[in-house]
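K.L.:
Below are the sequence and a predicted model for it; my questions follow.
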Amino acid sequence: MTSVPLELRQVSIDFGDGHLFKDVNLKVAGNESLVLIGPSGLGKSVVLKLFAGLLAPSTGAVLVEGHDLFRIGANDRNQILLKMGMLFQKNALFDSLTVFDNLAFPLRETTKESEAEIRDRVEYYLTEVGLIEAAERFPDEISGGMQKRLGIARALILNPQTVLYDDPTAGLDPITSRKIVDLILRLHEEKKSTIVSITNDMARAFQLADRIAMVVNGAIIETGTPDETANHPDPRVAQFIRGSLDGPLTEAQA
C-alpha cells in the first residue's frame, strides 16, 4: 500500500453560488486513524463522499492509493473502491434481510466465494462484533448499538484496506459509544487498516484519533494529535472543543 492511501489535492467544491471548499489539501497516512470534527453542515460528510467516489470535486484531485479517482476509467475506479468499506450514519442496513444475510449480500454480489466460504466469513465477523447469536434476526429486532455493530461488520466484510466511518456513535449513549469505538480500534489494529471517521463527540474523537482535522469555513485545519488539538491556538478549534465537551468529562464519557 502507498504510504499516503488517501489524499485531497487542491480540491474545491462549488454548491450554488459559493464554495463549500476552496483549494483544500488533506493527506491520510497508511494505518492512520484520522478523525474529522467541526460544525454541522460545513463539509465533513462531503470529505468522506469524495474519498468514497460518491462525489466529484469541482476542481482538484481525489487520490486513493495514488490514483486520481475521477481521471481513471470506471472499471479501475471500481476495483480501487472495492478495497474500501464505509459505515453510513444511518447504517444503511437491508430491513428485509437477516443479520446474516446483510453481511452475506456484498460477498455474494462481488466475490466468487462458495456459500460455505461465505458462511465461514460471515460467522467470523458476527463473532468479532458479538452478534453471532443474532444471526437470524432482522435489523428491526436488534438494538441501535447492535445495528451499529452490524454496520461496522458489513463495512469490513470485504477486508478493505481503508474504512470510512460516518458518525459511528450517533444516537448512542456514552457507555455504548465507548464500546463501539473500542471495537473499531480493535479491528483497526487487527486489520492494519487506514480509517477516516466523523464525530462531534470530542470524548470519542480523542479516544479514536491518531490525528484530528477540523472542517470549518471552507477549510480543513489539521489540528494534530488529541493533545495538540486540545491545546490548539486557533480560537475556532478551542471554542468548538469547549462547546462540544461542555465541562469536564465524567467517568462514563471518558
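P.N.:
Thanks, I have the structure now.
K.L.:
average pLDDT for stretch 198-214?
P.N.:
For stretch 198-214, mean pLDDT rounds to 94.
K.L.:
roughly how far is it from the heart of the chain?
P.N.:
Relative to its chain's centre, stretch 198-214 lies at 12 Å (Cα atoms, centre = their mean, to the nearest Å).
K.L.:
Then stretch 126-140?
P.N.:
Distance of stretch 126-140 from its chain centroid, counting by Cα atoms, centre = their mean, is 21 Å.
K.L.:
okay, and for the chain, where does confidence drop off?
P.N.:
For the chain, the stretches with pLDDT under 70 are 1-3, 17, 244-254.
K.L.:
check contacts around the residue nearest to residue 169 when sequence neighbours are not counted.
P.N.:
What sits nearest to residue 169 in space, not counting adjacent residues and going by Cβ to Cβ, 6 or more residues apart in numbering, is residue 177, at 3.7 Å. Every residue, glycine included, has its C-beta placed from N, CA and C. Residue 177 makes contact with 169, 201, 204, according to Cβ atoms under 8 Å, 6 or more residues apart in numbering.
K.L.:
just checking, residue 177 is part of a helix?
P.N.:
Yes: counting by DSSP: H, G, I helix; E, B strand; the rest coil, residue 177 is part of a helix.
K.L.:
Quick check: it vs residue 84, distance?
P.N.:
As for residue 177, its distance to residue 84 is 24 Å (criterion: Cβ to Cβ, to the nearest Å).
K.L.:
What number of neighbouring residues does residue 9 come out with?
P.N.:
Neighbourhood size, residue 9 [other Cβ atoms under 10 Å]: 15.
K.L.:
Just the residues contacting the helix or strand where it lies, thanks.
P.N.:
Assigning secondary structure by DSSP states H and E places residue 9 in strand 6-15. Identification of contacts with strand 6-15 by Cβ under 8 Å, 6+ apart yields 19-28, 43, 46-47, 50-51, 55, 57-64, 162, 194, 196, 220.
K.L.:
after it, next one along is what?
P.N.:
strand 18-28.
K.L.:
helices or strands up against that next one?
P.N.:
If you count contacts as 3 or more Cβ pairs under 8 Å, 6 or more residues apart in numbering; DSSP states H and E, strand 18-28 packs onto strand 6-15, helix 44-51, strand 219-224.
K.L.:
partners of that strand, with directions?
P.N.:
Under the criterion DSSP bridges, strand 18-28 sits next to strand 6-15 (antiparallel) in its sheet.
K.L.:
rewinding a little: send me the strand holding residue 9 as PDB with only the CA atoms.
P.N.:
What follows is strand 6-15, C-alpha atoms only, in PDB (Å, rounded to 0.1, in the frame of the first residue of the first chain):
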ATOM      1  CA  LEU A   6      -5.900   8.900   0.700                       C
ATOM      2  CA  GLU A   7      -5.300  12.500  -0.400                       C
ATOM      3  CA  LEU A   8      -7.300  15.600  -1.400                       C
ATOM      4  CA  ARG A   9      -5.100  17.900  -3.600                       C
ATOM      5  CA  GLN A  10      -6.300  21.400  -4.200                       C
ATOM      6  CA  VAL A  11      -9.900  20.300  -4.000                       C
ATOM      7  CA  SER A  12     -12.700  22.800  -4.500                       C
ATOM      8  CA  ILE A  13     -16.500  22.000  -4.200                       C
ATOM      9  CA  ASP A  14     -18.900  24.500  -5.600                       C
ATOM     10  CA  PHE A  15     -22.500  24.400  -4.500                       C
END
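K.L.:
That one: which residues count as buried?
P.N.:
6, 7, 8, 11, 13 (16 or more other Cβ atoms under 10 Å).
K.L.:
In those, find the pair that's most separated.
P.N.:
Pairwise distances across the buried residues of strand 6-15 peak at 16.5 Å for 6 and 13 (criterion: Cβ to Cβ).
K.L.:
Look at the one residue sitting closest to the centre of the chain and tell me its secondary structure.
P.N.:
Residue closest to the mean C-alpha point of the chain, counted by Cα atoms, centre = their mean, is residue 165 at 1.7 Å. Using three-state DSSP, the secondary structure recorded for residue 165 is strand.
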